[in-house]
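*Asks:* with the sequence up front, the predicted model follows.
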Amino acid sequence: MGDVIVDLSMSLDGFIAGPDDGPEHPLGRGGERLFTWMAAGPESNRVERRLVPPDASKVVIDEWMTDCGAMISGRRTFDIARGWKDGHPVDAPIFVLTHEAPTHGEWSPRVSFVTEGIERALELARKAAGDRKISVCGADPVQQLLRLGLLDEIQVSVAPVLLGSGVRLFDHLGGEPIELEQTRVIESEGVTHLRDRVRRG
């Protein structure tokens, strides 16, 4: 059974999107700065049409492309990403948490809607992923899994920018501290990749 991991780009002050994000401005004001590193490398490092990482970051992108067996997303992320109708960089099933599945529109054929909650989404993602990792995108699903003790790893790619406001990744986590074990630090061009394991008990 593969680990459940969040792997997102984040500002130094903890935001994964700037203020006023939505379908017209998917990353919010200033949020595009979080992803500059993904296209900052030489052409020889091109992994996908949108991904050209710097040398030191290539291992992070390579792992993302090869290790991910399924994804869990919130409905808001799905809407902002326009259902990934033009394709997601990672070719894996995407389980979208929602209170009500849409009945019309366009979205990736890899998307499935889950109306029974985060634990049901995780169950379906585990079946789809097998021994590969389950990647969680979107602040709310990450926070739910952390509160339930069901998130195994946290990897954040920290961009050297302070957004001041927007969508905060680590919010609404409950009253108790969550202990982490640092397992990797990669310094790269315009980004620092931090990986931690969530300690149990």
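*Replies:* The structure has been received and is ready for your questions.
*Asks:* only C-alpha atoms from now on, for both contacts and neighbour counts.
*Replies:* Will do.
*Asks:* buried stuff in the lengthiest helix in the chain?
*Replies:* In the chain, taking DSSP state H as the definition, the longest helix is helix 118-129. Within helix 118-129, the residues that qualify as buried by neighbour count (16 or more other Cα atoms under 10 Å) are 118, 121-122, 124-126, 128-129.
*Asks:* please apply the same query to stretch 100-110.
*Replies:* In terms of neighbour count (16+ other Cα under 10 Å), stretch 100-110 has its buried residues at 107, 110.
*Asks:* name the surrounding residues that touch it.
*Replies:* Residues outside stretch 100-110 that contact it (Cα atoms under 8 Å, 6 or more residues apart in numbering) are 82-88, 91-94, 113-115.
*Asks:* beta-bridge partners for the residue positioned nearest the centre of the chain, please?
*Replies:* Nearest to the mean C-alpha position of the chain, counting by Cα atoms, centre = their mean, stands residue 137 at 3.3 Å. Here residue 137 sits in beta bridges with residue 73, going by DSSP bridges.
*Asks:* thinking again about what came up before, what packs against the longest helix of the chain?
*Replies:* In terms of contacts (3 or more Cα pairs under 8 Å, 6 or more residues apart in numbering; DSSP states H and E), helix 118-129 is packed against strand 68-74, strand 94-97, helix 139-148.
*Asks:* buried stuff in the longest one?
*Replies:* Same thing as helix 139-148. Using 16+ other Cα under 10 Å as the burial criterion, the residues of helix 139-148 that qualify are 139-147.
*Asks:* which pLDDT value goes with residue 87?
*Replies:* At residue 87 the predicted local distance difference test score is 89.
*Asks:* in this protein, which spans are strands?
*Replies:* Taking DSSP state E as the criterion, the chain carries its strands at 4-11, 15-17, 68-74, 94-97, 111-114, 133-137, 153-159, 167-168, 180-188, 191-198.
*Asks:* output these in TSV, with mean pLDDT and distance to residue 48 appended to each entry.
*Replies:* Compiled in TSV, the strands of the chain are given as follows (pLDDT from 0 to 100; distance: least, Cα to Cα, whole Å):
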stretch	mean pLDDT	distance to residue 48
strand 4-11	97	18
strand 15-17	96	22
strand 68-74	97	15
strand 94-97	98	19
strand 111-114	98	20
strand 133-137	96	18
strand 153-159	98	19
strand 167-168	96	27
strand 180-188	98	19
strand 191-198	98	19
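*Asks:* adding distance to residue 105, write the ones you listed out as TSV.
*Replies:* Listed next are those as TSV, based on distance: least, Cα to Cα, whole Å:
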stretch	distance to residue 105
strand 4-11	27
strand 15-17	25
strand 68-74	17
strand 94-97	15
strand 111-114	12
strand 133-137	21
strand 153-159	32
strand 167-168	26
strand 180-188	39
strand 191-198	36
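*Asks:* tell me how far the longest helix of the chain lies from the chain's centre.
*Replies:* The chain centroid and the centroid of helix 118-129 are separated by 16 Å, computed with Cα atoms, centre = their mean, to the nearest Å.
*Asks:* what mean pLDDT does that helix get?
*Replies:* 97.
*Asks:* and the contacts of stretch 100-110, which two are the farthest apart?
*Replies:* 86 and 115 (23.9 Å; Cα to Cα).
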